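> what follows is a protein structure lacking sequence information:
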């Protein structure tokens with residue numbers, strides 16, 4: 001897909017949690033086509049400690065409002081600077097980057113499960129929206145440390161049934177997503193997952209053991225986003241090493257070394 005460098009205007013900055021904000025960005029021209037699972041690289045202004053763009057998953061695309069939504073976790077000076085953006089500010093983005101999730105064909109009778117943990121839930125909202133637009137009603141299984149860390153649930157429920165886990169048991173089932181009773185009670189044909197690597201490895205092994213097709217969106221540390229810096233290299237099953245930013249971030253789990 002063609003890549004663009006665009007200045008997008010901040011039209012909303014919503015603090016959803018002490019450690020998360022939702023930026024809504026709009027352009028003067030129609031936004032380019034973006035696939036669920038792709039990401040953007042955002043230039044950070046005004047930070048002497050931040051020299052490189054920050055990779056952020058595409059959280060949602062509101063085509064009617066010509067808006068791009070980014071769910072940002074505040075983990076360092078760069079993301080904290082982005083969280084300080086004010087309505088009317090311009091942010092420079094390189095987009096869309098990477099590949100995306102593989103969507104089933106319309107009319108394909110498949111049970112789809114989207115599993116996310118922490119900020120890894122971000123790309124699953126747009127994925128759910130795109131699946132619903134194709135006639136599917138996916139199931140979401142979302143996990144976090146506690147109830148307050150589960151974000152955007154009302155939006156997820158617009159696109160499918162939502163099941164929850166929390167480590168402290170404050171909402172949903174106590175424990176990790178891979179321990180949820182849903183996995184033993186219902187059959188799924190396809191799993192999409194994004195979140196902490198240990199969670200995704202566990203999901204991948206569950207899927208492989210049950211013969212379920214599965215794609216994982218990796219969150220390796222990225223710097224350039226175009227395959228030049230080699231920061232995000234991942235080892236594949238065939239011993240080859242690839243850049244997640246260009247060959248991913250979405251991979252079929254059968255290509256990864258996780259199942260070896």
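Noted; the coordinates are in hand. Since the model is a prediction, treat every value here as computed from it, not as a measurement.
> looking at it, residue 37 is touching residue 98, isn't it?
Yes - applying Cβ atoms under 8 Å, one finds residue 37 in contact with residue 98, separated by 7.2 Å. (Each C-beta comes from the backbone N, C-alpha and C, glycine too.)
> list residues touching both of those two?
With contacts defined as Cβ atoms under 8 Å, 6 or more residues apart in numbering, the residues shared by residue 37 and residue 98 are 249, 250.
> quick one, helices of the stretch 151-260 of the chain?
In the stretch 151-260 of the chain, the helices defined using DSSP state H, counting those that start in this stretch lie at 153-156, 182-185, 197-209, 244-247.
> and those helices as CSV, adding mean pLDDT?
Shown next, in CSV, are those (pLDDT from 0 to 100):
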stretch, mean pLDDT
helix 153-156, 97
helix 182-185, 96
helix 197-209, 96
helix 244-247, 94
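> helix or strand: which one has residue 125?
Per DSSP states H and E: residue 125 is located in helix 122-133.
> which residues does the next helix or strand after that helix contact?
Once the chain leaves helix 122-133, the next helix or strand it forms, by DSSP H and E, is strand 139-144. With contact meaning Cβ under 8 Å, 6+ apart, strand 139-144 is reached by 111-118, 121, 124, 128, 150, 153, 156, 159-167, 176-177, 180, 182-183, 186, 188, 195, 199.
> quick check: bridge partners of the nearest residue to residue 161 once chain neighbours are set aside?
The shortest distance from residue 161 to any non-neighbouring residue, by Cβ to Cβ, 6 or more residues apart in numbering, is to residue 139 (5.1 Å). Residue 139 has these beta-bridge partners by DSSP bridges: residue 113, residue 161.
> measure residue 139 to residue 189 for me?
Going from residue 139 to residue 189 by Cβ to Cβ, to the nearest Å gives 11 Å.
> which one of these two is surrounded by more residues?
Legend: neighbour count by other Cβ atoms under 10 Å for residue 139 and residue 189, higher for residue 139 (18 against 14).
> wait, doesn't residue 2 sit right on residue 32?
Yes - Residue 2 is within contact range of residue 32, at 7.1 Å (criterion: Cβ under 8 Å).
> higher neighbour count, these two?
Comparing residue 2 with residue 32 by other Cβ under 10 Å, the one with more neighbours is residue 32, at 15 against 6.
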